[in-house]
Each structure stands twice: as structure tokens, then as C-alpha cells.
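Engineer: Return atomic coordinates for the entry below.
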Amino acid sequence: MCGICGIVNFTNPAPKEQRQSIVAAMNQAMLHRGPDEGGTHSDTFLTIGMRRLSIIDLEGGSQPVHSADGNLIVIQNGEIYNYRELRADLEQRGYSFQTQSDTEVLLVMYREYGTDMLSKLRGMFAFCLYDRVAQQVFIARDRFGEKPLFYRTRNGRLSFASELNALLQDPEIDRRLNYAALPYYLRTSLVPEPNTFLSEVQSLSPGHFLTFSQQGLCIQPYFTLDYTEARRFSSEGEAVAYIRPLLEQAVRRQTVSDVPLGAFLSGGIDSSTVVALLQQQSTQQVKTFTVRFEEAAFDESPIARQVAEHCGTDHHEITIPNYDFEPDIFWMIIQQVGQPFRDSSAIPSYFITREIRKHVKVALSGDGGDELFGGYALFQWYQQILRLRKIPRPVRQLGSGLLDGLTLLPGLNTASTLRKVRRVLKTSNLEAKDIPLALNEFYSGSVVDEVLGHQHHYQDLKTYPSLTAPSSLREIMHYRTAHTLPTNMLVKVDRMSMANSLEVRAPLLDPEIFAAAAQLPDDLLIRGGKGKYLLRKIMGKDLPASVFDHPKQGFAIPLYKYQNEAFAALANDLLLDNNPWEGFFPRPFLERALRLGLKHRRNTARLSVFQSAHRLWMLMQLLGWARFYKVKL
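Structural biologist: Modelled structure (predicted):
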């Protein structure tokens, strides 16, 4: 696990000393990603650098790695889990190796297969490979976006880095707002890749690679989400026999490490699955870690404890108290993520990874299970809304209007159920392609249009394959996996864990598991109103019943209880008193967000406490980011 960065110019390179100074600053900004070691390479056309968190081949795995003839040079962030199998195959083909590292395998794979090598890699990675003979840089990112890669090109010059904060050490980058990102952020709290909040900076999308040479920049996909090849199973038992070995293989692959390894254990199905399979394959007690929230409604630690006892792990509980807000944590999130980040679960994620790092250097997680096996309630909401659309539209519009009126009645204006039914009806009146967007919204499209001054179309969030996906369930699963997973869930995991120099791996995002899960019929994903039906069947004998019986809980905090005087003071300062974009947002819009975010304490038929608190947090993050990075309009 590392951080990588560099500056490349094949047509009009700047003096080497100038590039080296900038790359050194980039490397220093990513020290937390790799505190064990640093490395650079510099020649006529480029300077590249990296920070290393030593996991594999502790003594011989230094980077950059050079080929024996010096014509190929590579730096990597991440791990190639199947590097031993790849290496063995390459050795049979006559290749030899100088180290025991997975990074060197990338060099030889490139020599044998060129860019086609990517289809053979199993791992989480972002790497840069320099071909000195071809005068070309080849940069690739893993299939689901576990590892980040940001870049900027202008006038024949490419600069790149694993983190935005590091990339912005390049003084040539204009820190100007990408206005097109704002409507996406206000609407859904996320910005679809390859967009970022900065007009000159892009993110290399998951499953894509770029080549950069004197001919310019070329970006291509090597992996796309595909649900079209459904597989027929004669029985549930056949499906179980098909998926389970792949789960076992993925967990086994991701235990490759020369340093101590542990696992997150939340008490949910996904992390419990990983822990059970990990312990079954281990000759020693696996170290497992869970969070115990003082807020009881968010505490799954008793179930995690049962799983640990059932599986026989060496279990550790980490208590997350109801912290008083401190501005330092707010600014830490902005610095580590590099963009505004709405998901407040970054806060407990930071604290648990900090504590886990005291025990191990690598931890396995259950991330990806909901996306692959149909776990989110959102998936069922989407299907219910589509079924509701069979009712004539005038009837649905009438019902929506009646519910709008009911929300104003004193006896019903606090009914959360009424809010949900009202939202379902309103959403059903939209065009089908707009429904996933609406289900993920914080501010409605009409509010965003009013605040920003004109109508927005959100085209980058309407790219799921509505015509090719075999079912409505697969449509919404594609939306979540393509958009929310890489820009929210995996961002949180990567940035908060790497802030604490902890490597987190997600076995359920193994490509073979995805390919197999994508072929499952819908009724093996969701049945009887419960998601992850087949995963429950697979693991039913390996885990206590409590794992499957309790309601699904997200890894979140009650943000409104996190607020104190310091929180209110910072919110007021950013939104009103010292707004870095004074006059850009209408003041009544900011005042309302501030008032509701700080004072709204009961769910009503029109607004939940979660939504009001996080709308304010979104604006604080946006304006705090603008201040921290001195972003111009």
C-alpha cells in the first residue's frame, strides 16, 4: 500500500530540479499513505515518486522498480493478490525476477501482454508504468475504484497523484471550481467520476487506464459492469456450490501479507462472512475488531461479539463515544479526501482505523457485499416504485397532492411513514431514468435549479444500462455500484484508513465473485423482503442466527447529537460570517440550512433529522473545502 505521484512531459519538459522539488512536496503530502519508505525516479522527461507502506517483500519491495534492462519503471499503490500465480506462469515462460514483490510482476506482465495485462490482475491498485523506449506512461486503476488516482493534463504536461491534496502541490494547477460538479453534489452529495470539484483535475475512473505520450492522452476502459449473462441453476444448492468456493478463494487470496493481518467485524452479514471464512482458513486466531457505539441505536457490538465467539477469533471492541465535535476532525476529513465529503460515517471510520492500526497493518472488510448480493433497502424501494408506476399517472399525481395537504395537518405533520409514502409517490411520477437519482437526493432538483439559477440535467448519473440490464433490480444495482460505491463508500474506507497508515482489503469485490454474483437470478438476491438471500444460505451454518435476524444498520453516527457550540460556531462562520464564496449562494438558502441543521430535532412528514443535519454538513464541507484549498469561483 502506497501513494504515487509524478510529472510527465515528453514535448517540452521543465528542468529536472523543478520537477523534483514539486514531486518531493507531493510525496511529503502523502506521508501517511506510506510512512515506511519513499522513492523517486527522475530523467529527461519525467519525475515520479511514491511513499511505501511495506506489506509484501519487506526487504526487497522498494519502489520504483526497474526492469533489468532499465527500460521499464513502475510505481504502485495497492496490492496484486494473485501475483504469485502470475509470477509462476511468467517463470514458466522464461522470465526471471529480482525481488519477491507484487510490483515487479507488473513490469513483466506488461512486457508479455502490454495493456492487455489488466484483465489478468486481481487486486486493488493504481499504478504508473513508464516505458522509456516507447516514451509512454501507462497508468491504470482497479475495477471498482478501491484505490484513487487523480490527474491533470495541459500543454503536453501530465501530473498525477493518489490524493488531491498531493496533486495540488503542483503550483501549475489552477484551483478553480468545476461549476458542473455543484448540482450533482447538492442533489446527491456525490460527484460522478471522472469529474472532480476542480475544473482542471479529473479522476481516472474505475476499470480504466490511460496512456500518455508525445501523441497526447488516451483513456480507455478495460472493465465494465455487466449483468447480461444470466445463469440458470437447477437448485439453490447448485448456486451455493457455485458461489461459496469463490468466496473462500477471494478471502484466501487477500491474506497474502508479510505483516500482521486482522478483520473488521461489524455484526452484519458481509463482515461476518469474511471473518468466518478467514478464521476457517487460518491456523491461528484471527484478530477481529468492532466498534461499540455509546449511542445504543447504532451499536452492533453484541452481535459482533457473538460472531467472534462462534468463530473463535481474538476479538477487540473499540468504543466510539458520543464525541463533542472538534474542528480538527472536520478539517482532517477535508484534507484527506481532498473534496467535500458528506458521509459523516467518515468520523467513526477514522477512529476505528486509528485503533486497529495499533494492532495490525492490514485489515479485511465486508465492503461490496450489499452491491453484489442485493443488500440495500434502496434496491427494493426502486422495484416497488416501478411497480407503482403501473397505476395510472393521474391517480398517482392525485395521491401525491393529497399527501402534500396531509403533511400540513397538525396531527399528521410528524408522521415519518407519511414522509416515506409521499416520497415514493412523488418519485413514481418521474421518468424512469430519473428515479435512481431521486432516491439518492438530499436537495430536490427544483431547489438546486433555484439556488444555482438554471435547469440541470444530471446526464452523468443517467448512464446505467436501462435497456440492457436484464431486470429493474440490476438497473439499480448498477447505479449503486458504478456511482455510489467508488465515490462514497470506497473513498471513506481508503482515505480514513490511509490517514492512519492502515491497509484495508475488500474480498467481496474480487472480480470472480462479481462475475458470478452478476449471473444470479433476482430471486436468489432478494426474497421475502430480505436482501442477500443466497449469501444467507451460503453462510447459514457458519454464523449465529442473530447475524441474519437483526435489521440492517449502516455504519453511521447520529450527526445531530454530535453538534455542540464549536460545531454551531464553525457552521455559522462558514455559511454566513466568513463565507469564502460570499454572495454565491442566496443568503436565505444558507440561513434556512443553518437553522434546520442546528434546530430540527424531530422527524416530520416533510423532513427527517438525518436529512436536515446532513444538508448542513454538506454545505459546511463544501465551503470548508473552498476555504482550505483557496478555491476560486
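Engineer: The helix or strand bottoming out on mean pLDDT in the chain - contacts with which helices or strands?
Structural biologist: The weakest-scoring helix or strand in the chain, judged by mean pLDDT, DSSP states H and E, is helix 393-406 (a mean of 72). Helix 393-406 is packed against helix 416-428, with contacts defined by 3 or more Cβ pairs under 8 Å, 6 or more residues apart in numbering; DSSP states H and E. For the C-beta atoms, the positions are set from N, CA and C on the backbone; glycine is no exception.
Engineer: Show the average pLDDT along the helix it packs on.
Structural biologist: Averaging pLDDT along helix 416-428 yields 79.
Engineer: quick one: secondary structure of Q220?
Structural biologist: Using DSSP: H, G, I helix; E, B strand; the rest coil, the secondary structure recorded for Q220 is strand.
Engineer: Return the set of residues that bridge with it.
Structural biologist: In this structure, Q220 has the following beta-bridge partners (DSSP bridges): F209.
Engineer: rewinding a little: so how far is the least confident helix or strand of the chain off the chain centroid?
Structural biologist: Its chain's C-alpha centre and that of helix 393-406 lie 37 Å apart, by Cα atoms, centre = their mean, to the nearest Å.
Engineer: Can you tell me how far L543 is from R305?
Structural biologist: Distance of L543 to R305, computed by Cβ to Cβ, to the nearest Å: 13 Å.
Engineer: between those two, who's got more neighbours?
Structural biologist: More neighbours sit around L543 than around the other of L543 and R305, counting by other Cβ atoms under 10 Å; the figures are 20 against 17.
Engineer: Doesn't the more buried one lie inside a helix?
Structural biologist: No - with three-state DSSP as the criterion, L543 is assigned coil and is not in a helix.
Engineer: Isn't it up against S272?
Structural biologist: Yes - under the criterion of Cβ atoms under 8 Å, L543 makes contact with S272 at 5.2 Å.
Engineer: Confirm for me that V8 is in contact with F138.
Structural biologist: No - under the contact definition of Cβ under 8 Å, V8 does not touch F138, with a separation of 11.1 Å.
Engineer: Any regions of the protein where pLDDT drops low?
Structural biologist: Within the chain, the stretches with pLDDT under 70 are 1, 57, 293-299, 321-323, 403-416, 463-468, 552-556, 605.
Engineer: For Y185, list the residues it contacts.
Structural biologist: By Cβ atoms under 8 Å, 6 or more residues apart in numbering, the contact set of Y185 is V191, F197, P340, M618, L622.
Engineer: Are we agreed that the fourth one is in a strand?
Structural biologist: No - with three-state DSSP as the criterion, M618 is helix rather than part of a strand.
Engineer: Nearest residue to the middle of the protein?
Structural biologist: Among the residues of the chain, the one closest to the centroid is L490, at 1.9 Å (Cα atoms, centre = their mean).
Engineer: element containing that residue, please.
Structural biologist: helix 490-499 (DSSP states H and E).
Engineer: other SSEs contacting that helix?
Structural biologist: Counting by 3+ Cβ pairs under 8 Å, 6+ apart, the elements that helix 490-499 packs against turn out to be helix 327-337, helix 346-356, strand 503-505.
Engineer: Please parse this structure into its domains.
Structural biologist: In the domain annotation for the chain, the residue ranges read 2-175+198-221, 236-324+341-372+474-549, 558-633 (automatic domain parsing).
Engineer: Out of these, the one nearest L402 is which?
Structural biologist: When the domains of the chain are ranked by distance to L402, counting by Cβ to Cβ, first place goes to domain 558-633 at 12.5 Å.
Engineer: Now do the closest residue to T487 other than its chain neighbours against A517, distance only.
Structural biologist: Distances taken as Cβ to Cβ, 6 or more residues apart in numbering put L190 closest to T487, at 4.6 Å, once the chain neighbours are dropped. With the distance defined as Cβ to Cβ, L190 ends up 23 Å from A517.
Engineer: same deal with L619?
Structural biologist: When distance is defined by Cβ to Cβ, L619 is 37 Å away from A517.
Engineer: Same check on M124?
Structural biologist: In this structure, M124 and A517 are separated by 18 Å, where distance is defined by Cβ to Cβ.
Engineer: Please look at L149 and F160 and confirm they touch.
Structural biologist: Yes - using Cβ under 8 Å, L149 and F160 qualify as a contacting pair, with a distance of 6.4 Å.
Engineer: quick one: common contacting residues for the two?
Structural biologist: Counting by Cβ under 8 Å, 6+ apart, the residues touching both L149 and F160 are I4, I139.
Engineer: Would you reformat the helices and strands packed on helix 490-499 as a markdown table and include mean neighbour count and distance to Q397?
Structural biologist: Listed next are the helices and strands packed on helix 490-499 as a markdown table, based on neighbours: other Cβ atoms under 10 Å; distance: least, Cβ to Cβ, whole Å:
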| stretch | mean neighbour count | distance to Q397 |
| --- | --- | --- |
| helix 327-337 | 18 | 40 |
| helix 346-356 | 21 | 39 |
| strand 503-505 | 26 | 46 |
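Engineer: Quick one: closest of those to T228.
Structural biologist: strand 503-505 (28.7 Å).
Engineer: Spell out the residue ranges of the helices in the stretch 201-350 of the chain.
Structural biologist: Ranges of helices in the stretch 201-350 of the chain, per DSSP state H, counting those that start in this stretch, are 236-253, 269-281, 301-311, 327-337, 346-356.
Engineer: Name the residues of the second one that come out as buried.
Structural biologist: Spelled out, that is helix 269-281. Under the neighbour-count criterion of 16 or more other Cβ atoms under 10 Å, helix 269-281 has I269, D270, S271, S272, T273, V274, V275, A276, L277, L278, Q279 buried.
Engineer: Compile those into a markdown table and extend it with columns for distance to V74.
Structural biologist: Compiled in a markdown table, the buried residues of helix 269-281 are given as follows (distance: Cβ to Cβ, whole Å):
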| residue | distance to V74 |
| --- | --- |
| I269 | 38 |
| D270 | 33 |
| S271 | 33 |
| S272 | 37 |
| T273 | 34 |
| V274 | 30 |
| V275 | 34 |
| A276 | 36 |
| L277 | 32 |
| L278 | 30 |
| Q279 | 35 |
